[in-house]
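> after the sequence you'll find the predicted model.
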Amino acid sequence: QILILDFGSQYTQLIARRVRELNVYCEIHPYNKIPDLTGEVKGVILSGSPCSVRQDDAPDVDLSSFRGKVPVLGVCYGAQLMAHKSGGNVLPSEIREYGRAKLSRVDQHNELMKEIGIGSQVWMSHGDTISELGEKFEVIASTHSVNVAAYRIEGEQTYGIQFHPEVTHSEHGKTLLRNFVVHICGCHQDWTPDIFVETTIEQLKEQIGNDQVVMGLSGGVDSSVAATLIHHAIGPRLHCIFVDNGLLRKNEFEEVLNSYKGMGLNITGVDARDRFYDALKGLTDPEEKRKAIGRTFIEVFDDEAHKIEDVAWLGQGTIYPDVIESVSVKGPSATIKSHHNVGGLPDFMKLKVVEPLNTLFKDEVRLVGKTLGIDDAILGRHPFPGPGLGIRILGDITPEKVQILQEVDHVFISRLKQHGLYDDVWQAGAMLLPIQSVGVMGDERTYERVVSLRAVTSVDGMTADWCHLPYEFLADVSNEIINSVKGVNRVVYDISSKPPATIEWE
Ligand code: XMP
C-alpha cells in the first residue's frame, strides 16, 4: 500500500482517491501519528498544508523513518519541507501562485515525468516557493514563473512537486501519480471492488468468529452495504434492526424492509412511531427535537438488542471520511455526536464494533454494493438525515403534519424520478413551514399550509448549490402538490446555496 502523510491540506483526501482510482490501496495518516507499517508500505506521499515551513511551529516529520527506504513523493508543502530540511531554501513567493500554469521545461527521461509533455497544464496553490535546492537535488520540471516545479534527489527514489497532481485541473496529474505509484513504487493495480469483497468477507469471518452481531439499518447506502458484507460472512448471526421512527418517507418502512428481506438479511422491523411522537410532543427547538429523536432511537434499539442473546458485536456503516475526520491533524473537533454524551452509555454501545467500510470512500462503497448485487434503488438513494422528516417539519411535530409532508415529498421525489432528474440531484426533499397562507380554490377562500421544495447539487454535503430544475418541471410538481395534498395551498422553491444557508432548514 501507499502511505499518505497528511499535513492538513484540503486536498489530502483527493490524493487518496486518485491513488485508489489506480486500484492501489492507500491510507491517510496524520504526519504526527505515523503507523508502523514496516514491510507493507511501498511508498510515501507527503501532502500539502496550509502552513509554511518557515513558521516556528511548522508541522515536521522525521524523514529518516522512510526516506531512502521506500520511494517518497512530496506534494507542495511536502516538497518544500524536504527541500527545507536538506539544505534548500523556501521563500515567500513574490506573487501568490494560485491556479493554472503550464510546464515550460520537463525532463521526460525522468520516471516521474514520463508521458508528461512541455505545455502540460498543472494546478498551483501555494504562497511559498522553493528558491534554492540542496546538494544532489535536481530540477526535473519548471513553469514560466516557478523554476522548481518538480525535483528529484540523486541516488534515491525521492521526488518533490510544487503543483497538485490530485486536482483534475492538472492535466496529467493522474499520469504522474501512476508513474510514482505503479512504476516507481512497484504497486500492483489489484485493489478492486471484487478483491475488497472477497478479502473483507474472509477478515470478517476471522474477526467475528462464532459471535452474534447486532446492527441498526437506515435504508441508506452505507449501512445496507456494511450489513450485506457482514451477512455474507456470518449469515443469520447478523441481527439487523430497522426502526420506523414515524419520520420516514411515505411507504419507506415497508419498501425498505421488503428489499432487505429480499436480500436475505435477518431483519426485524420495529414500529416505534408512537414512542417517537410522544417524545417529540410540544418540542419546537431543532436541537431539542434532534436530541429527543436520538435518545428515543437509542432506547428502542437497546430494547431490541436485549432480545437477542449473546450479542458481542455492534455492526456499523462508518466510512473512511468519518475515520479520517476523527483522527485528523485538525483534531477530532465536532465529530462526537451529541446524543453520545447524554446520560450513560446504553448497553449496546459497550459492544465491540465491527465496521467493514471504514477504509472506503462513498463512491467506493457504491462500487462494492454493486459487486454485491445490491439494488440500484438502494445504492442510488439520496442521503436522508437520521432525524428524517423531524427536521423538515419546522416547529412542533404531529402525526398529521408528518402525513402531509410525506405526501408532498412523495410527489416531488416520484416526479424527479419520472423526469429522469433524480440522479442529477444530490439531495431533495420538502419542508413544511410553520405558517399558513391565503389562497383560492374554486370559489372558496383557503387558509392553508405552505411547503418549500429543496433540491441541491453537492459532492459531500459540506457545500451545496441549489439545483436549477426546469421551470416546467417545478410548475408540474407545484400543481400536483396543491391539487392532490389536502391542507397545502402554496409551494415555494428554495434558491439558497450552502453556505450561507444549510441544506436542511433546521
Ligand atoms: P445541513 O443541513 O447541515 O446538512 O447543510 C448537511 C447534510 O447532513 C444531513 N443532516 C443530518 N444527518 N443527522 C443526520 O444523520 C442530522 O441531525 C442531520 N442534519 C443534517 C442533511 O440531510 C444533509 O445531507
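Everything's here; your move. This one's a predicted model, so the numbers in the text were calculated from it and none came from an experiment.

> for the helix or strand of the chain with the lowest mean pLDDT, what is the distance to the chain centroid?
Least confident helix or strand of the chain, by mean pLDDT, DSSP states H and E, is helix 320-327 with a mean of 80. In terms of C-alpha atoms, centre = their mean, to the nearest Å, the gap separating the centre of helix 320-327 from the centre of its chain is 9 Å.

> now do stretch 70-78
The mean C-alpha position of stretch 70-78 is separated from the chain mean by 25 Å, C-alpha atoms, centre = their mean.

> start to end distance for stretch 226-241?
Stretch 226-241 has an end-to-end distance of 13 Å (criterion: C-alpha to C-alpha, to the nearest Å).

> next structured bit after the helix or strand where Thr199 lies?
According to DSSP states H and E, Thr199 maps onto helix 193-208. Toward the C-terminal end, the helix or strand that comes next after helix 193-208 (DSSP H and E) is strand 212-217.

> which helices and strands sit right next to that next one?
Strand 212-217 sits against helix 221-234, strand 238-244, helix 286-306, strand 311-315, with contacts defined as 3 or more C-beta pairs under 8 Å, 6 or more residues apart in numbering; DSSP states H and E. The C-beta positions use only the backbone N, C-alpha and C, and glycine is treated the same way.

> mean neighbour count, those: which tops it?
Stretch with highest mean neighbour count among the helices and strands packed on strand 212-217: helix 221-234 (a mean of 24; mean count of other C-beta atoms under 10 Å).

> name the residues that touch that one?
197, 200-202, 204-205, 208, 213, 215-217, 238, 240, 260, 263-266, 315-319, 354-357, 362, 365-366, 368-369, 372, 374, 378-379, 381 (C-beta atoms under 8 Å, 6 or more residues apart in numbering).

> now list the buried members of the residues you listed.
The neighbour count (16 or more other C-beta atoms under 10 Å) marks 197, 200-201, 204, 208, 213, 215-217, 238, 240, 260, 263, 265-266, 315-319, 354-357, 365-366, 368-369, 372, 374, 378-379, 381 as buried among those.

> just those that are near the ligand?
With the criterion set as C-beta under 6 Å from any ligand atom, no member of those is near the ligand.

> ok and the helix holding Thr199 relative to helix 221-234, angle-wise?
Put simply, helix 193-208 runs at 60 degrees to helix 221-234, going by axes from the mean of the first three to the mean of the last three C-alpha atoms, to 10 degrees.

> tell me what helix 193-208 is packed against?
helix 221-234, strand 352-354, helix 362-371.

> next, the angle from it to helix 362-371.
Using the same axes, to 10 degrees: helix 193-208 against helix 362-371 is 90 degrees.

> now do helix 193-208 and strand 212-217, the angle between them.
130 degrees.

> which residues are in contact with helix 193-208?
Residues from elsewhere that reach helix 193-208, judged by C-beta under 8 Å, 6+ apart: 229-230, 232-234, 237, 313, 354, 356, 360, 364, 367-368, 370-372.

> residues of the chain that sit close to the ligand?
With the criterion set to C-beta under 6 Å from any ligand atom, the chain comes near the ligand through 290, 383, 385-387, 427, 461, 498, 502-504.

> any weak-confidence spans in the stretch 251-400 of the chain?
328-345 (pLDDT under 70).

> apply 50 and report the result again.
Per-residue confidence for the stretch 251-400 of the chain (pLDDT under 50) gives these ranges: 331-343.

> what does the helix or strand that contains Trp123 rub up against?
For Trp123, the host element (DSSP H and E) is strand 121-132. For strand 121-132, contacts defined as C-beta under 8 Å, 6+ apart pick out 48, 52-54, 76-77, 79-80, 83, 88-93, 96-103, 143, 146, 148-149, 151, 160, 162-165, 167, 169-171, 173.

> Glu448 belongs to a helix?
No - Glu448: not assigned to a helix; according to DSSP: H, G, I helix; E, B strand; the rest coil it is strand.

> re earlier: residues of the least confident helix or strand of the chain that come out buried?
Result for helix 320-327 [16+ other C-beta under 10 Å]: buried residues 320-321, 323-324.

> counting by contacts, list what it packs against.
When contacts are defined as 3+ C-beta pairs under 8 Å, 6+ apart, helix 320-327 sits against strand 26-30.

> off-centre distance for the helix or strand just after the strand it packs on?
Using DSSP H and E, the next helix or strand after strand 26-30 towards the C-terminus is strand 43-46. Taking C-alpha atoms, centre = their mean, the mean C-alpha location of strand 43-46 is offset from the chain mean by 23 Å.

> give the other helices and strands that strand 43-46 contacts.
strand 2-6, strand 72-75, helix 77-85.

> need the winner for burial among those.
Of the helices and strands packed on strand 43-46, strand 72-75 is the most buried (mean count of other C-beta under 10 Å), at a mean of 27.

> rewinding a little: direction included, what does the strand holding Trp123 pair against?
If you go by DSSP bridges, strand 121-132 pairs up with strand 89-106 (antiparallel).

> what does the partner strand contact?
Contact with strand 89-106 is made by 52-54, 80, 83-84, 113, 116-132, 139-146, 149, 163, 169, as judged by C-beta under 8 Å, 6+ apart.

> grab the nearest non-local neighbour of Asn169.
No Asn there; residue 169 is His. Nearest in space to His169, with sequence neighbours left out and distances taken as C-beta to C-beta, 6 or more residues apart in numbering, is Trp123 at 4.1 Å.

> what's the pLDDT at the one you found?
What the model reports for Trp123 is a pLDDT of 89.

> could you measure it against the ligand, distance?
Separation of Trp123 from the ligand (C-beta to the nearest ligand atom, to the nearest Å): 27 Å.

> try Val53
35 Å.

> check contacts around the spatially closest residue to that residue that is not a sequence neighbour.
Distance criterion C-beta to C-beta, 6+ apart; nearest residue to Val53, sequence neighbours excluded, is His84 at 4.4 Å. Contacts for His84 (C-beta under 8 Å, 6+ apart) come out as 53-54, 90.

> can you tell me which residues contact the nearest residue to Pro399 once chain neighbours are set aside?
In this structure, Pro399 finds its nearest non-sequential neighbour in Tyr277, 5.9 Å apart by C-beta to C-beta, 6+ apart. Taking C-beta under 8 Å, 6+ apart as the contact definition, Tyr277 lies against 246, 397-399.

> distance check, Cys51 against the ligand.
Look at Cys51 and the ligand: by C-beta to the nearest ligand atom, they are 28 Å apart.

> I figured that residue hits Gly78, correct?
No - if you go by C-beta atoms under 8 Å, Cys51 and Gly78 don't touch, sitting 11.5 Å apart.

> shared neighbours of these two, anything?
The contact sets of Cys51 and Gly78 overlap at Phe7 (C-beta under 8 Å, 6+ apart).

> is it true that Arg18 lies in a helix?
Yes - remark: Arg18 belongs to a helix, assigned using three-state DSSP.

> contacting residues for it?
Going by C-beta under 8 Å, 6+ apart, Arg18 touches 165-166, 173-174, 177.

> please apply the same query to Thr143.
Contacts for Thr143 (C-beta under 8 Å, 6+ apart) come out as 101-104, 122, 124, 149, 163.

> related to what we said a few turns ago, now the helices and strands packed on strand 43-46 in JSON lines, with mean pLDDT and distance to Gly294?
Formatted as JSON lines, the helices and strands packed on strand 43-46 follow (pLDDT from 0 to 100; distance: least, C-beta to C-beta, whole Å):
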{"stretch": "strand 2-6", "mean pLDDT": "96", "distance to Gly294": "30"}
{"stretch": "strand 72-75", "mean pLDDT": "97", "distance to Gly294": "40"}
{"stretch": "helix 77-85", "mean pLDDT": "96", "distance to Gly294": "39"}
